[in-house]
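> Fold the following.
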Amino acid sequence: MLVDCARNSDLAKELTLFLNEKGFHARLAKDQVISDKKISQNTLQLFLKETTRSKHKIIPFDSDSVVIAIPKSLEDIGLESCEFCGYTAHWELVEVHRRTHQGF
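The predicted structure follows:
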């Protein structure tokens, strides 16, 4: 199983130690943790609770991978979305894009 820690190498190191203490054979690969067996959602939630990471969320990626990260809104990362079609870009580009829906 792969746990991607969203470029947070400190989180990955702590998670690796935590999992090894819980009987998993986990190894660190940059900001990712690789385990020899599946890690339950409850185990990951316990890790977040014990390390007081209340802002972090566990996001399933596929059947054998999850991401642990702090979710951000589009506005937080400088993006905006067109309310007509969902096109996403920086606000200046979305403003220009919206005009295409008005038929100019």
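> What are the buried residues along the helix ranked longest in the chain?
Determined from DSSP state H, the single longest helix within the chain is helix 9-21. Applying a neighbour-count criterion of 16 or more other Cβ atoms under 10 Å, the buried positions in helix 9-21 are 11-12, 14-16, 18-19. (C-beta placed from N, C-alpha, C; glycine too.)
> what are the phi and psi angles of the residue positioned nearest the centre of the chain?
The centroid of the chain falls nearest to Ala69 when counting by Cα atoms, centre = their mean (3.7 Å). Ala69 adopts backbone torsions of phi -160, psi 170, taken as degrees, to the nearest 10.
> Show me the contact partners of stretch 55-63.
The contact list for stretch 55-63 (Cβ atoms under 8 Å, 6 or more residues apart in numbering) reads 4, 11, 41, 44-45, 48, 66-71.
> can you rerun that using 10 Å?
Counting by Cβ atoms under 10 Å, 6 or more residues apart in numbering, stretch 55-63 makes contact with 1-6, 8, 11, 38-39, 41, 44-45, 47-48, 65-71, all of which sit outside it.
> on contacts alone, who are the packing partners of the longest helix of the chain?
Helix 9-21 sits against strand 2-4, strand 26-29, strand 32-35, helix 41-50, strand 65-69, with contacts defined as 3 or more Cβ pairs under 10 Å, 6 or more residues apart in numbering; DSSP states H and E.
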